[in-house]
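K.L.:
model this:
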Amino acid sequence: MRRFQVPQPQPEPEPNSVPPLKIHSAEEIMNKPRPLKAKWGDWIFDDRRLTLTCYGCYAHPDNGYEIDLEEIDCSAEMLDTIFQIRNKNWATPQRLKDLLDALHALLRPQANYCSFGQDTKVPSAEILKKRFSDQN
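P.N.:
Residues are numbered from 1 along each chain as shown. Predicted structure coming up:
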């Protein structure tokens, strides 16, 4: 014979038991560490070498097309990288979108390189290392 346990009724929460809301500043929200995603479509981020590699592209099917993120230290470098890749025959619209998503997630270009239309020089390694240290 099986015994079934009858669920006990749960007490009703107090009507005023909602924790108080905390209001965050825009700076707190922008600087809040976010988990770093490691893959965007065919692009894979290597956090040891600080590279972004496109695997499966036609030009380099075995080892991929690699971007050394440490070479990007201003908006002009980033734009040059984007347009170099845009001119590759394997650069599909989806691969370009994924590249932009990866650069946005990893380096936060508008905040770090061209805020208010001003070009700023910041080594990407510095940005990435700070982001990783914020994660721990």
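K.L.:
for this protein, which spans come out with low pLDDT?
P.N.:
Along the chain, the parts satisfying pLDDT under 70 run over 1-20, 26-37, 58-62, 133-136.
K.L.:
which stretches of this structure form strands?
P.N.:
Secondary structure of the chain (DSSP state E): strands located at 39-40, 43-46, 51-54, 65-68.
K.L.:
which of those sits most buried?
P.N.:
With neighbours taken as mean count of other CB atoms under 10 Å, the strands of the chain reach their highest mean count in strand 51-54, at a mean of 20. In this view, the C-beta of every residue, glycine as well, is placed from N, C-alpha and C.
K.L.:
Return that one as CSV; C-alpha atoms alone will do.
P.N.:
Extracted in CSV, the C-alpha atoms of strand 51-54 (Å, rounded to 0.1, in the frame of the first residue of the first chain):
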residue,chain,number,x,y,z
THR,A,51,42.0,36.6,-29.8
LEU,A,52,38.7,36.4,-31.7
THR,A,53,38.8,33.6,-34.3
CYS,A,54,36.3,32.8,-37.0
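K.L.:
Contact partners for residue 38?
P.N.:
Residue 38 makes contact with 44, 45, 47 under the criterion CB atoms under 8 Å, 6 or more residues apart in numbering.
K.L.:
let's see 6 Å
P.N.:
Neighbour list for residue 38: residue 45 [criterion: CB atoms under 6 Å, 6 or more residues apart in numbering].
K.L.:
Just the helices from this protein, written as ranges.
P.N.:
Along the chain, counting by DSSP state H, helices occupy 26-31, 75-86, 93-107, 109-112, 124-135.
K.L.:
Residue 78: neighbour count?
P.N.:
By the criterion of other CB atoms under 10 Å, residue 78 has 22 neighbours.
K.L.:
shouldn't it be in contact with residue 72?
P.N.:
Yes - the pair residue 78 / residue 72 is scored as a contact, 5.1 Å apart, by CB atoms under 6 Å.
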